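> pasting the sequence and the predicted model now:
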Amino acid sequence: MKLANTSGQWSLLVKTPKEKQFIKFKVTELKNNEFVCVNDSLDFPKRIQYSSEGKKLKAMISNEKMKIPFEFEKAE
């Protein structure tokens, strides 16, 4: 995964081991501790949301029918 800024537009680029190319998600919302990325051309996920709360990073990947939450804690 990586964040990229092209001509003032932020994108989240995601690549799994099975993929040859990065999948691009357009950053559609950017707030203090949260950002949302969207790619409507995919079945799943269409939306990826990241937010931080203290030492925790939360992610939610979703489409219209399903949501899968993830929670990460900062290692000491």
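That came through, no problem.
> what's the closest non-adjacent residue to the residue nearest the centre of the chain?
In the chain, the centroid-proximal residue (CA atoms, centre = their mean) is residue 48; its distance is 3.7 Å. Once flanking residues are discounted, residue 48 sits nearest to residue 37: 4.6 Å by CB to CB, 6 or more residues apart in numbering. Any C-beta I mention is one placed from the backbone N, CA and C, and that applies to glycine too.
> give me the neighbour count for the one you found.
24 (other CB atoms under 10 Å).
> now do the phi/psi pair for it.
Backbone dihedrals for residue 37, given as degrees, to the nearest 10, come out at phi -120, psi 140.
> who's in contact with it?
11, 12, 25, 26, 27, 28, 47, 48, 49 (CB atoms under 8 Å, 6 or more residues apart in numbering).
> of these, grab the buried ones for PyMOL.
Provided next is the PyMOL selection string for whichever of the contacts of residue 37 are buried by 16 or more other CB atoms under 10 Å:
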select buried, resi 11+12+25+27+47+48+49
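> in CSV: the contacts of residue 37, plus secondary structure.
Listed next are the contacts of residue 37 as CSV, based on DSSP: H, G, I helix; E, B strand; the rest coil:
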residue, secondary structure
11, strand
12, strand
25, strand
26, strand
27, strand
28, strand
47, strand
48, strand
49, strand
